[in-house]
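Undergrad: 3D model of this:
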Amino acid sequence: MIKFTYLGLLGIFSLIVLAAIVYYLFKPTPTGDSSVGWAIGIFYLAGLFGILLLALLFWKNKTVGLIILCIPLLFLLLPALKSRVRDLYAWLPSPRSTQLTLHIANNTQALVNVKLECWFGKKEGEQQSLYKTLEFTSKPLAVNQHLLSDYDAQLLSSKSAFVRIVFFECLQESGDGYSYVREIQPCMQYRDVATEAFQVSDFLIAIDGEKNSEAFRAEVRRLKTDSLYKNGVF
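TA: Next up is the predicted model:
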């Protein structure tokens, strides 16, 4: 079994290396941002070629050779393993004495999508990554309450590195016999909130059109010029 697995991986990786060499020999070198991916690909190709040579040195000891050939597979599995560990971390319960209710007060005449982005990556200097987004739709001049599940409450109050609250204006439009909702980009406004702020039983999110960003205002002006903002309120 070890012998056949060793020979199989050796053959597969050899074909990958040969195909990559042909690709790099006959395809012109790109310029600009594409050249970065090109260079990284060469780096990985050199690493895989080195793994193959090292595995061939252990031709007579195929157990060691197989272990060496499994190294690239570990690199392929690493992102999936990290994702599973992160899911487990998010799922594990944390101490929380009360339930969390979100109160969303829309003080505008607009239909607004409210998104709470849970960002992970707690170590200092570590790159932050978006883990999950909680999304709620708020009608014009409406006040709504949303009782969160224990899982979502934990994400907001303790699991996330921080929470980003983002507002998007939505336009209700129709065409070709059907209606749809279009989200205006960029967002109206956003703010980052520390997880400690959600360690309460009630959290208020107020939507105030006077605090809209200049980028959003500029986009609205452009859409109005192109007659693409017929149902907007700003």
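Undergrad: helix or strand for Thr108, which one?
TA: In the assignment (DSSP states H and E), Thr108 maps to no helix and no strand.
Undergrad: that should have said Lys230, apologies.
TA: Secondary structure (DSSP H and E) places Lys230 outside all helices and strands.
Undergrad: what's the neighbour count on it?
TA: 9 (other CB atoms under 10 Å). Where you see a C-beta, it was placed from the backbone N, CA and C, and this is true even at glycine.
Undergrad: spatially central residue in the chain, please.
TA: For the chain, Leu130 is the residue whose C-alpha lies nearest the centre (CA atoms, centre = their mean; 4.4 Å).
Undergrad: any idea which helix or strand comes after the longest helix seen in the chain?
TA: Scanning the chain for the longest helix, with DSSP state H as the assignment, gives helix 62-91. Using DSSP H and E, the helix or strand that follows helix 62-91 in sequence is strand 101-106.
Undergrad: tell me what that following strand is packed against?
TA: Other elements packing on strand 101-106 under the criterion 3 or more CB pairs under 8 Å, 6 or more residues apart in numbering; DSSP states H and E are strand 111-120, strand 129-138, strand 143-147, strand 202-207.
Undergrad: deepest of those, which one?
TA: Mean neighbour count, computed with mean count of other CB atoms under 10 Å, is highest for strand 111-120 among the helices and strands packed on strand 101-106, reaching a mean of 19.
Undergrad: pull up the pairing partners for that one, direction included.
TA: Strand pairing for strand 111-120, using DSSP bridges, gives strand 129-138 (antiparallel), strand 162-175 (antiparallel).
Undergrad: going by mean pLDDT, which of those strands comes out lowest?
TA: Note on these: strand 162-175 shows the lowest mean pLDDT, a mean of 90.
Undergrad: alpha carbons of that one, as CSV, please.
TA: Presented in CSV, the C-alpha positions along strand 162-175 are these (Å, rounded to 0.1, in the frame of the first residue of the first chain):
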residue,chain,number,x,y,z
PHE,A,162,-14.3,43.8,16.6
VAL,A,163,-17.7,44.4,14.9
ARG,A,164,-18.3,46.7,12.0
ILE,A,165,-21.8,48.2,11.6
VAL,A,166,-22.5,49.2,8.0
PHE,A,167,-25.6,50.9,6.5
PHE,A,168,-26.6,50.6,2.9
GLU,A,169,-29.5,52.4,1.2
CYS,A,170,-31.7,50.1,-0.8
LEU,A,171,-33.7,51.2,-3.9
GLN,A,172,-36.9,49.2,-4.8
GLU,A,173,-36.9,49.0,-8.6
SER,A,174,-38.6,47.0,-11.3
GLY,A,175,-38.0,45.9,-14.8
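Undergrad: which residues are in contact with that strand?
TA: 110-119, 128, 137, 156, 179-185, 187-195, 197-198, 205, 207, 216, 229-234 (CB atoms under 8 Å, 6 or more residues apart in numbering).
Undergrad: quick one: that strand to strand 101-106, angle?
TA: 50 degrees (axes from the mean of the first three to the mean of the last three CA atoms, to 10 degrees).
Undergrad: and Lys211, how many neighbours?
TA: Neighbour number of Lys211 under other CB under 10 Å is 11.
Undergrad: so it touches Cys187, yeah?
TA: No: contact between Lys211 and Cys187 fails when scored by CB atoms under 8 Å: they sit 11.7 Å apart.
Undergrad: returning to that earlier point: quick one: residues contacting the residue nearest to the centre of the chain.
TA: 117-120.
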